[in-house]
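Asks: fold the following and give me the result.
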Amino acid sequence: MKALRFSALAFLFSASLFAGEKMKFAFLAPDPINPVNAAIYNGIKDAFKELENRYGKEFEVEYISANSDAENQARQLGGAYIDGFMGAVIYPAGDVPELRAKIAEAAENGFMCAAIGQDLPNSKRFCYVGGDPEKFVEILKSRIERLAGGKKLCASVYFKSSAPEEEIGFSDSKRISELLGSLMPYESFKKIAEPLSPKIVAVDYYSVYAAANSVEILRRDDFCEIFFSPYLFSDMAPVKPDGDRVFAICVGAVPQLEKYIASGQITACIYSDYYGWGYFAARALLEKTIDNSDPSVPVRLIPPLIATPATVDSFIADWRKWIK
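Replies: This next block holds a predicted model:
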């Protein structure tokens, strides 16, 4: 019965493609709107706007948050299909069987899904757009080497966690992989971090950790700090100057980092082109839905961007465009 209902809906959706009415698509986001998701959302909207003249149709995208629940996201996808949406851009809240199965079921009935941010290659998503892990690792590694300038450094590595402060052993590949997510595999992280003999901690806010561990930090010589989330600075507390800190790198970005980069509190910020994720996924989704045209690049990996104090103006301009 479900298959018959989906088939009937698929026929109605297909017929509506030529009716000239507004076509609705969904952006299934992992969580409530934030700067990263806003950049993706605006990339989708801008791509749709550009293609309205080409197709002679009006396109609309609705933001739907999964509230960090991948199973809920699977239910939302099923609801979007039933409620008359034509397709979806999905930033997975997680990789669970329910979501993969729902994407596959939708695809079989002509409802196309483009994945972004985290790939689900066995789900019958028709394309994937995200960051390029190999390029990310290459750029991060080369930036660390350049900033170290040949010095032998030790590193403090910070991950974001709302749980109590947690010190993580370098060999705890399972926990580190959980914190890295889809950014890079543990083995790549190991190649970058191992020469730096890192101390690895997961904390909520860097400023709270730095205040509680100020004596230990003061004793460090020739050290660097690497932050694997811009949300470690969500409280907007300044990074205390330290003459022994050779550099500080942040992996990932939100617009609030502008002041940290401009002042040199953060030496370099390496982050994904979130707007580009949404833009390229949306173009592919329309071309697949309307023309039944498969993307020329079914897996598009976009190189990361870099912001430094010298290029902070470009960083600001990007975010003004991304969260307009």
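Asks: need the residue closest to the centroid of the protein.
Replies: Taking C-alpha atoms, centre = their mean, the centroid of the chain lies closest to G117, which sits 4.8 Å from it.
Asks: residues near the closest residue in space to F48 that isn't next to it in sequence, how many?
Replies: Spatial nearest neighbour of F48, excluding adjacent residues (C-beta to C-beta, 6 or more residues apart in numbering): F59 at 3.9 Å. Where C-beta positions appear, they are placed from N, C-alpha and C, glycine not excepted. The tally of other residues near F59 (other C-beta atoms under 10 Å) stands at 23.
Asks: ok, the residue lying closest to the residue nearest to the centre of the chain once chain neighbours are set aside - contacts?
Replies: Nearest non-adjacent residue to G117, counting by C-beta to C-beta, 6+ apart: Y91, 4.5 Å away. Listed by C-beta atoms under 8 Å, 6 or more residues apart in numbering, the contact partners of Y91 are 27-30, 37, 40, 115-118, 277.
Asks: N53: which of those is nearest?
Replies: For those, the residue nearest N53 by C-beta to C-beta is F27; the value is 21.9 Å.
Asks: so the closest one makes contact with G43?
Replies: No - judged on C-beta atoms under 8 Å, F27 makes no contact with G43 at a distance of 9.8 Å.
Asks: got any residues that touch both of the two?
Replies: If you check F27 and G43 against C-beta under 8 Å, 6+ apart, the residues they both contact are G278.
Asks: how about A93, secondary structure?
Replies: Under DSSP: H, G, I helix; E, B strand; the rest coil, A93 falls in the coil class.
Asks: that one: how many residues sit nearby?
Replies: Other residues near A93 come to 23 when the count uses other C-beta under 10 Å.
Asks: that older thread, how about the residue nearest to G117, phi and psi?
Replies: Dihedral pair for Y91: phi -100, psi 100, per degrees, to the nearest 10.
Asks: from A115, how far off is the residue nearest to F48?
Replies: According to C-beta to C-beta, to the nearest Å, F59 stands 19 Å off from A115.
Asks: what does R245 give?
Replies: Using C-beta to C-beta, we find R245 at a distance of 38 Å from A115.
Asks: comparing those two, which residue is more hemmed in?
Replies: Between R245 and A115, counted using other C-beta under 10 Å, A115 has the larger neighbour count: 26 against 19.
Asks: next structured bit after the least confident helix or strand in the chain by mean pLDDT?
Replies: When each helix and strand of the chain is scored by mean pLDDT, DSSP states H and E, helix 2-16 comes last, with a mean of 42. Downstream of helix 2-16, the first helix or strand assigned by DSSP states H and E is strand 23-29.
Asks: how about that next one as PDB, C-alpha atoms only?
Replies: C-alpha atoms of strand 23-29 as PDB (Å, rounded to 0.1, in the frame of the first residue of the first chain):
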ATOM      1  CA  MET A  23       8.300  24.200  -6.700                       C
ATOM      2  CA  LYS A  24       9.300  23.500  -3.100                       C
ATOM      3  CA  PHE A  25      12.500  21.900  -1.900                       C
ATOM      4  CA  ALA A  26      13.700  21.100   1.600                       C
ATOM      5  CA  PHE A  27      17.000  21.800   3.300                       C
ATOM      6  CA  LEU A  28      17.200  19.100   5.900                       C
ATOM      7  CA  ALA A  29      19.700  20.600   8.400                       C
END
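Asks: okay, helices next: where are they in the stretch 101-250 of the chain?
Replies: Ranges of helices in the stretch 101-250 of the chain, per DSSP state H, counting those that start in this stretch, are 133-148, 173-180, 186-193, 206-212, 214-218.
Asks: what does the fourth one contact?
Replies: Outside of helix 206-212, the residues within contact range by C-beta under 8 Å, 6+ apart are 158, 165, 201, 203, 217, 227, 232-233, 235, 237-240.
Asks: which of those residues ranks first by neighbour count?
Replies: Y158 (26 neighbours).
Asks: nearest residue to it other than its sequence neighbours?
Replies: F227 (4.9 Å).
Asks: what bridges to that neighbour?
Replies: Y158, C250 (DSSP bridges).
Asks: list the contacts of it.
Replies: Per C-beta under 8 Å, 6+ apart, neighbours of F227: 158, 206, 233, 248-251, 266.
Asks: can you rerun that using 7 Å?
Replies: For F227, the contact set (C-beta atoms under 7 Å, 6 or more residues apart in numbering) comprises 158, 206, 250-251.
Asks: and what of F247?
Replies: The contact partners of F247, by C-beta under 7 Å, 6+ apart, come to 147, 224, 267.
Asks: so what are the domain limits for this structure?
Replies: Split into domains by automatic domain parsing, the chain comes to 2-130+273-301, 133-271.
Asks: what about the shortest one, average pLDDT?
Replies: Meaning domain 133-271. Throughout domain 133-271, pLDDT has a mean value of 96.
Asks: before we move on, what about stretch 34-45?
Replies: For stretch 34-45, the mean pLDDT works out to 97.
Asks: and for it, what's in contact with it?
Replies: 27, 29, 61, 63, 89, 91, 116, 254-255, 274-279, 282, 322-324.
Asks: at 6 Å instead, please
Replies: Contacts with stretch 34-45, where a contact means C-beta atoms under 6 Å, 6 or more residues apart in numbering, come from 27, 29, 61, 63, 89, 254-255, 274-275, 277-279, 282, 322-323.
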